[in-house]
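> structure for the following, please:
(2 chains, ligands or ions: 4)
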Amino acid sequence: ISMREKPVASFLGNQVPIATEYRGIINPLDIDEYQRRGGFSALKKMFESLSPEAVIEEVKNSGIRGRGGAGFPTGIKWELVRKEKSETKYLICNGDEGDPGAFMDRMLLESYPYRVIEGMIIAAYATGIHQGYFYIRAEYPLAVKRIRKALEICRENNFLGKNIMGTGFDLDLIIYEGAGAFVCGEETALISSIEGSRGFPRIRPPFPAQKGLWGNPTLVNNTETMAQISYILREGFEKFKGIGTDGNYGTKVFALAGKVARGGLIEVPMGVSIRQVVEEIGGGIANGRKFKAVQIGGPSGGCIPAEHADTPINYESLSEMGAMMGSGGLVVLDDTDCMVDMARFFLSFTQDESCGKCTFCRVGTKRMLDILENITSGKGKPGDIEELEKLAEWTKKGSLCGLGKTAPNPVISTLMYFRDEYEAHINGVCPTGK
Amino acid sequence: MNPIESLIKDLADQHGRKRESLLPVMQGVVQQEKFLSEYSMVEIAREMDIPAAEVFGTATFYSFLETKPAGKYIIRVCRTITCAMKGKNQLLFAIQDMLKIKTGETTPDKRFTLLETNCLGWCHKAPAMLINDEVYTEVTPEKAREILTGYMKDI
Ligand SMILES: NC(=O)C1=CN([C@@H]2O[C@H](COP(=O)(O)OP(=O)(O)OC[C@H]3O[C@@H](n4cnc5c(N)ncnc54)[C@H](O)[C@@H]3O)[C@@H](O)[C@H]2O)C=CC1
Ligand SMILES: Cc1cc2nc3c(=O)[nH]c(=O)nc-3n(C[C@H](O)[C@H](O)[C@H](O)COP(=O)(O)O)c2cc1C
Ligand code: SF4
Ligand code: FES
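Numbers count the residues shown, from 1 in each chain, chains lettered A, B, ... in the order given. Ligands and ions are numbered 1, 2, ... in the order given. Alright, predicted model coming up:
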């Protein structure tokens, strides 16, 4: 199709491709084409002219924050790992992407394998690591296949292995396939999983940067974070920093799905508004229905109602609104979607995926789910909302890892904006007629 | 040596016998056998010198490590949010109806197992399902019937 066709042009609209550079043009496994389009030039530049410290400085200056959801400054994490004296350190690219509604990392792994690998080589060089892992979830068989092939081709071309590009730097990367457990995306659970155990999260600190895989310093970064790194080195931190807004630099990839007219993967500068994403890029709501809310950040995130659609997408604004950036899944809801049912859905997800280690997470999510099930099936009673609020608070406080700490968010945020829907259910009616 | 013993031995030779090789070895058995029987878990424990209870505990933690007999083709229908919004129930019903099994069951001829799974990362083309390693998207009940008919022909 022609790029000038109207819907496509506006779909591309205010997008800025960094992680998704040459989208739809580049053949994922063609390493020559990747190089012709600037691939591995950041790597070459680094090996020719940058010390590990200089690389870290560049990444710190770019202001990039982790794209796995929490937004921890990437350069600072690298510096912490660099400073650790241990002989053995590990690198892990987190490709577990369990958030329902998220598919950024799948697309990046499948479509831009070399860009992710290039970012990992840079990270390894900067932090003094020689052994790394791709942790990819079982639900993504094609991503595993592509990365496996890409790693093979990189080894053949001496971008991986011993004495990379004749520089004396060694790095080996291998794949570790997940086996279908959401909590394994949490970095310490992921580490237990690679060690061959059940994926139970551990108490932090120590953070993986100090004590990770087999007790060694370990750098864990999200797939999208890795995919942004080569751009920063190739173009310089100023250019990256020139995109986005204060404290939220660069771009974020989002998975746009739900009731929007045009769903798919998008990459926009930080700070664009939810409205711009839904209306300009997504083409508004499908089938002429009314825009009701977006659910952002999956089961740890929350909803933002249509009347707040001008909220800019950055880590802080979204948290202030009771949602969170999260990994980047954006599920658009229309006026036929029931918000109580939405909350019930996410709670049943977290309840199912809780590893069961903490009583608060295990029991709290179960009791909240029971109440939500009663409310949605017309058996709600006065006092249920207050009970939910109480349970939400103690589940947040009493949980060890992010899964339990954030599990109540979908309930809290729907209560914040759509309390009337809860009340209506308790009085026997679902406002959307379900 | 029976086939399971030699499969496990080969996998252990290939991946190693340290604790961190447990998952890859189990995944290898599942790939070949479609599930981990009690017998295979005991064999893995013996071959790798890990307590059997640890092997059971680890296997049951992960949803892709089936511990119940499964068919040649494992169908996993996404049960997560956007697929639920876009008709995954109708899809499940169509498959159940065609294969005459419920979710979680295997057909008597051991060809198909029907399961649900978490998000497959194709939310913009919901509903989605996985058959072994193959992803199918925007699967209407009619499309599901067509796809399954294809698999049925393939002996
Ligand atoms: N991508 C996905 O599919 C999913 C993403 N998430 C996201 O995960 C996030 C929560 O993840 P957490 O790891 O619990 O967040 P966190 O804020 O505890 O940590 C973020 C990162 O910074 C590092 N870090 C933080 N403080 C540090 C320190 N003092 N020293 C060294 N390193 C430090 C951590 O090791 C980690 O790598 C949520 O925001 C959620 O949105 C949750 C579920 C699924
Ligand atoms: C329950 C849970 C699941 C998570 N799943 C993922 C995931 O799938 N991918 C990911 O990158 N981070 C996930 N995280 C966050 C990781 O713990 C960690 O913060 C992240 O990988 C760090 O990378 P970043 O600094 O590049 O964002 C999860 C956290 C929690 C609490
Ligand atoms: S908060 Fe929940 S998922 Fe996290 S460790 Fe505790 S029980 Fe497990
Ligand atoms: S919700 Fe079904 S593929 Fe994502």
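> spell out the residue ranges of the helices in the stretch 251-400 of chain A.
Per DSSP state H, counting those that start in this stretch, the stretch 251-400 of chain A carries helices over the ranges A:274-275, A:315-320, A:339-353, A:359-376, A:384-398.
> closest one to ligand 3 among these?
Nearest to ligand 3, of all the helices of the stretch 251-400 of chain A, is helix A:359-376, at 3.0 Å by CB to the nearest ligand atom. For the C-beta atoms, the positions are set from N, CA and C on the backbone; glycine is no exception.
> what's the mean pLDDT across that closest one?
Helix A:359-376 comes out with an average pLDDT of 96.
> and if you look at stretch A:410-430?
The average pLDDT for stretch A:410-430 rounds to 95.
> so which bits of it are buried?
Judged by neighbour count (16 or more other CB atoms under 10 Å in any protein chain shown), stretch A:410-430 contains these buried residues: A:410-415, A:417-418, A:421-426, A:430.
> most widely separated two among those residues?
A:412 and A:430 (20.3 Å; CB to CB).
> neighbours of residue A:48, how many?
Neighbourhood size, residue A:48 [other CB atoms under 10 Å in any protein chain shown]: 9.
> mind checking how far it is from ligand 4?
Residue A:48 sits 43 Å away from ligand 4, going by CB to the nearest ligand atom, to the nearest Å.
> tell me the centre residue of chain B?
Against the mean C-alpha coordinate of chain B, by CA atoms, centre = their mean, the closest residue is residue B:74 at 5.0 Å.
> the strand or helix carrying that one pairs with which strands, and in what direction?
In this assignment (DSSP states H and E), residue B:74 forms part of strand B:73-78. When pairs are called by DSSP bridges, strand B:73-78 turns out to pair with strand B:112-117 (parallel), strand B:129-131 (antiparallel).
> output those strands as JSON lines; include the columns mean pLDDT.
Formatted as JSON lines, these follow (pLDDT from 0 to 100):
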{"stretch": "strand B:112-117", "mean pLDDT": "96"}
{"stretch": "strand B:129-131", "mean pLDDT": "97"}
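> let's have those in CSV, adding distance to residue A:377.
Output for these, formatted as CSV (distance: least, CB to CB, whole Å):
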stretch, distance to residue A:377
strand B:112-117, 20
strand B:129-131, 27
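> what's the closest of the ones you listed to residue A:230?
strand B:129-131 (31.3 Å).
> from the buried residues of stretch A:410-430, which land in helices?
Residues of the buried residues of stretch A:410-430 located in helices (DSSP state H): A:410-415, A:417-418, A:421-426.
> picking that back up, after the strand holding residue B:74 comes which helix or strand?
According to DSSP H and E, the helix or strand after strand B:73-78 is helix B:81-85.
> what comes up buried for the next helix or strand after that next one?
Using DSSP H and E, the helix or strand that follows helix B:81-85 in sequence is helix B:88-99. Going by neighbour count (16+ other CB under 10 Å), the buried part of helix B:88-99 is B:88, B:91-92, B:94-95, B:99.
> is chain A contacted by helix B:88-99?
No. Judged by CB under 8 Å from any CB of the partner chain, helix B:88-99 and chain A are separated, with a smallest distance of 11.9 Å.
> and the residue most central in space within chain A, what does it touch?
Centroid-nearest residue in chain A: residue A:327, 2.5 Å away (criterion: CA atoms, centre = their mean). Residues near residue A:327 by CB atoms under 8 Å, 6 or more residues apart in numbering or on different chains: A:67-69, A:97, A:99, A:102, A:104-105, A:222, A:297-298.
> which ones, among the residues you listed, also lie beside chain B?
The subset of the contacts of residue A:327 within reach of chain B, by CB under 8 Å from any CB, is A:97, A:99, A:102.
> of the contacts of residue A:327, keep whichever come out buried.
Buried members of the contacts of residue A:327, scored by 16+ other CB under 10 Å, are A:67-69, A:97, A:99, A:102, A:104-105, A:222, A:297-298.
> make TSV out of those and add secondary structure and distance to residue A:318.
Below are the buried ones among the contacts of residue A:327 laid out as TSV (DSSP: H, G, I helix; E, B strand; the rest coil; distance: CB to CB, whole Å):
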residue	secondary structure	distance to residue A:318
A:67	coil	14
A:68	coil	15
A:69	coil	11
A:97	coil	19
A:99	coil	14
A:102	coil	15
A:104	helix	16
A:105	helix	19
A:222	strand	17
A:297	coil	7
A:298	helix	13
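> and which of the residues you listed is nearest to residue B:123?
Nearest to residue B:123 among the buried ones among the contacts of residue A:327, counting by CB to CB, is residue A:102 at 7.7 Å.
> so how far is residue A:252 from that closest one?
As judged by CB to CB, to the nearest Å, residue A:102 and residue A:252 stand 12 Å apart.
> and for those two, which residues touch both?
The contact sets of residue A:102 and residue A:252 overlap at residue A:328 (CB under 8 Å, 6+ apart).
> if anything else comes up later, I'll come back, but that's it for now.
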